[in-house]
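Asks: the sequence isn't on hand, but the structure is:
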């Protein structure tokens, strides 16, 4: 069979777009790798995308991480509405002022922005990862991959290709461990800055991989050193900011004492001045004595006023220093959440690449045996379902539907094998 033309592939792409807009995936269960998009009508700045991590958890703004894998989108949306409708959102208006508004449940929308990709392997022009769209069939997936191609492996040395795949396999495992180490570190930092219990999973549990032990030990040590440096920097910065609050508190205490003494001096000088003024009206006290008493009364009053002003300024500085502590903690928390989201996306990508490379390693020999001579051979299609969808494999036709995370194995062979082998998992 000849490769599909670019015009036919474009037509199939347009058909998929129309199908995606015309139908919904009723009964679809969310799985790791799906990307959720949260928006709120009327709040243009409130638009976030978040990928579901391998543990089935998703991080959404103003909410705690929640496990959503295996749930319907409608169930997750109901939970999000229930949680966010009790929150207040602060945004800057056109006049530059900060406005605080409540989030209405009816204004909240949650959609699947991206599904887990599918993978095509075997006798197709462009094997590899393809974007999944609702309603996708095997025929359309092959068309997006450029059509059938029986000559792709004839120009390749499969032994060299196997060596390259094993190198890619090791590289993806390194990326996987690095992402898991970063997730462990960020989750631990986030728990400590929020004064919560440490996450139950240890670094060793999260970074199990078929890599040399010395490499694993080195990666884990680097993660622990990075955690130690981050927490040390956090404590130093918080210590500096909290010390500013303590210094201000000490100054406030001293100024309060001084203010009390100044009030006593003012009261005494005022009484003395009033007494001398009464005596002066009777000619008992000379004018220079009255002038001196008046001068002392004005001096103590001025000093008391200066102490009050100084106390007000120091109190304002103390409040600002305390706000700086809260701002720094919140900024670190936001940075950690962003880093956690990026690390989760990197982990999902490494996991997808691991699955793809592992399957290529497992089935290289099968692909080689399935190469045929001549043209007109019929495709033998096997769909390998992801572990999240229950695993397993099935012989399919070109009209069979495809699910997110599936791997489609295409072989153009004269003889149909009795049964395609099931995938062996992530190990090569």
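Replies: It's in. Source: prediction; values computed, not measured.

Asks: could you pull out the helices for the stretch 201-350 of the chain?
Replies: 203-206, 213-281, 287-370 (DSSP state H, counting those that start in this stretch).

Asks: just those helices: most buried one?
Replies: Each of these was scored by mean neighbour count; the highest is helix 287-370, a mean of 16, by mean count of other Cβ atoms under 10 Å. (C-beta placed from N, C-alpha, C; glycine too.)

Asks: quick check: end-to-end length of stretch 125-134?
Replies: 23 Å (Cα to Cα, to the nearest Å).

Asks: just the buried positions in that stretch, please.
Replies: 125, 127, 130, 132, 133, 134 (16 or more other Cβ atoms under 10 Å).

Asks: of the residues you listed, which belong to strands?
Replies: Cross-referencing the buried residues of stretch 125-134 against strands under DSSP state E gives residue 130.

Asks: pipe the buried residues of stretch 125-134 into CSV and attach pLDDT and distance to residue 289 per row.
Replies: Putting the buried residues of stretch 125-134 into CSV (pLDDT from 0 to 100; distance: Cβ to Cβ, whole Å) gives the following:
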residue, pLDDT, distance to residue 289
125, 82, 111
127, 88, 108
130, 89, 102
132, 89, 99
133, 86, 100
134, 86, 99
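
Asks: gap between the most centrally placed residue in the chain and residue 53?
Replies: Nearest to the geometric centre of the chain sits residue 341, at 1.9 Å (Cα atoms, centre = their mean). Going from residue 341 to residue 53 by Cβ to Cβ, to the nearest Å gives 9 Å.

Asks: what does residue 383 give?
Replies: 25 Å.

Asks: please identify which of the two sits among more neighbours.
Replies: Between residue 383 and residue 53, counting by other Cβ atoms under 10 Å, residue 53 is the more crowded of the two (24 against 21).

Asks: got any ranges where the stretch 301-428 of the chain has weak pLDDT?
Replies: 363-378, 388-389, 413-428 (pLDDT under 70).

Asks: which of the buried residues of stretch 125-134 fall within helices?
Replies: Taking DSSP state H, every one of the buried residues of stretch 125-134 sits outside helices.

Asks: quick one: which of the buried residues of stretch 125-134 is nearest to residue 354?
Replies: residue 127 (16.4 Å; Cβ to Cβ).

Asks: isn't residue 361 up against residue 164?
Replies: No - look at residue 361 against residue 164 with Cβ atoms under 8 Å: they stay out of range, at 10.3 Å.

Asks: my guess is residue 62 contacts residue 85, does it?
Replies: No - the criterion here is Cβ under 8 Å, and residue 62 misses it with residue 85 at 11.0 Å.

Asks: who wins for proximity to residue 43 among the helices of the stretch 201-350 of the chain?
Replies: Comparing the helices of the stretch 201-350 of the chain by Cβ to Cβ, helix 287-370 comes nearest, at 17.5 Å.

Asks: pairing partners for the helix or strand following that closest one, with directions?
Replies: The first helix or strand that comes after helix 287-370 along the chain, using DSSP states H and E, is strand 379-384. Paired with strand 379-384 in the same sheet, following DSSP bridges, are strand 393-396 (antiparallel), strand 407-412 (antiparallel).

Asks: most tightly surrounded among the ones you listed?
Replies: strand 407-412 comes out most buried of these by mean count of other Cβ under 10 Å, with a mean of 24.

Asks: quick check: angle from that one to helix 287-370?
Replies: With axes from the mean of the first three to the mean of the last three Cα atoms, to 10 degrees defining the directions, strand 407-412 sits at 30 degrees from helix 287-370.

Asks: nice, that's everything, thank you.
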